[in-house]
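Novice: model this:
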Amino acid sequence: MKTIQFREAICEAMSEEMRRDESVYLMGEEVAEYNGAYKASKGMLDEFGAKRVIDTPIAELGFAGIAIGSTMTGNRPIVEYMTFNFSLVGIDQIINNAAKIRQMSGGQFKCPIVFRGPTASAGQLGATHSQAFENWFANTPGLKVVVPSNPYDAKGLLKASIRDDDPVIFMESEQMYGDKGEVPEGEYIIPLGVAETKREGTDVTIVSFGKIIKEAYKAADELEKEGISCEIIDLRTVRPMDRKAIVESVKKTNRLVILEEAWPFGSVATEITYLVQSEAFDYLDAPIIKINTADTPAPYSPVLLEEWLPNKDEVIKAVKKVMYK
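Specialist: Residues are numbered from 1 along each chain as shown. Take a look at the predicted model:
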């Protein structure tokens, strides 16, 4: 094993897949000459050249469409958005073309493409640069949605995403690019649609994904001191969702708290709540609690932003509530 940063895990995954398959290329704003806005493509222009590491204008709709069209001639593009807030400019191409090409062509064309970049908040960036759209994309048949929380998962899941024959939305975090973690020296792949139990427990299940799962770890450490055992499941892939992993954990612990950095209405947490009440209702010893951001645009004020975001104290409170403590 070796210890690398999250950004290096992303870079290694893309570079390894580009060495393996000449049809893979990277396109986006500042991915080439600047080595990536977050240095996640450092050195790739030097290795692969300007035909496979392509700087684009600030034109998300345009380069999303070019990349999607190129899949129909045998390419496997990786499109980097500086943040997924900017994907809204190109979302027509993602929803109406990438997600539907296979069905609308009667299976004649597949669309192997990865759209990747940071999601959710990253400090004082204001309301329009602090949004999480995992549930928006996961609502669309034809798209797969991946949200890793650490370097190991990021590399293995990105390699699987690049090899997948369907469009994948791969969502990272500006606040995780500097995170360090161990990854194997050799090649490995993490299959899409498989959650991981990051912490075994017996009293309550906490389901989360992405960078906000760190708050669940903090809460679990504090709750352990009080004799409460938390099981933490990292979804890793939002769609397809590992429904079995969630249900089996709830059958064991009989309690569920869901932690998600997104608005509460129609969220991923809402879908999980429906899943568990429909497939494991008789196993529940308490109502399900879901923890989301406040139901407002993200504030700029640091004091208000801290209040807006989910945190470990909310997780502790929710766990104690389902434990009737």
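
Novice: so, low pLDDT: which residues of the stretch 151-300 of the chain?
Specialist: Under the criterion pLDDT under 70, no range of the stretch 151-300 of the chain is flagged.

Novice: what are the boundaries of the helices in it?
Specialist: For the stretch 151-300 of the chain, the helices defined by DSSP state H, counting those that start in this stretch cover 151-163, 213-225, 243-253, 268-279.

Novice: looking at those, which is buried most?
Specialist: Among the helices of the stretch 151-300 of the chain, ranked by average contacts under mean count of other Cβ atoms under 10 Å, first place goes to helix 151-163 (a mean of 24). From N, CA and C alone the C-beta is placed, and that goes for glycine too.

Novice: wait, a strand at Lys320?
Specialist: No - applying DSSP: H, G, I helix; E, B strand; the rest coil, one finds Lys320 to be helix, outside a strand.

Novice: so what's it up against?
Specialist: The contact partners of Lys320, taken as Cβ atoms under 8 Å, 6 or more residues apart in numbering, are 223, 228.

Novice: now it: how far from Gly201?
Specialist: For Lys320, the distance to Gly201 (Cβ to Cβ, to the nearest Å) stands at 14 Å.

Novice: do Leu125 as well
Specialist: Leu125 is 34 Å from Gly201, by Cβ to Cβ.

Novice: these two: which has the busier surroundings?
Specialist: Gly201 (20 against 16; other Cβ atoms under 10 Å).

Novice: residue contacts, the nearest residue to that one once chain neighbours are set aside?
Specialist: Excluding the flanking residues, the one nearest Gly201 by Cβ to Cβ, 6 or more residues apart in numbering is Glu231, at 3.4 Å. Glu231 is in contact with 197, 199-202, 204-206, 249, 252-253, counting by Cβ under 8 Å, 6+ apart.

Novice: same thing with Val250?
Specialist: 205, 256, 276, 280, 283-284.

Novice: closest to Leu309 out of these?
Specialist: Using Cβ to Cβ, Leu256 comes nearest to Leu309 of the contacts of Val250, at 21.0 Å.

Novice: closest to Pro302 among the contacts of Glu231?
Specialist: Ile206 (26.5 Å).

Novice: the closest one against Leu235, yeah?
Specialist: No - Ile206 lies out of contact with Leu235 (Cβ atoms under 8 Å); the separation is 11.3 Å.

Novice: show me where the stretch 1-150 of the chain has strands.
Specialist: 2-5, 24-28, 53-55, 76-80, 114-118, 144-146 (DSSP state E, counting those that start in this stretch).
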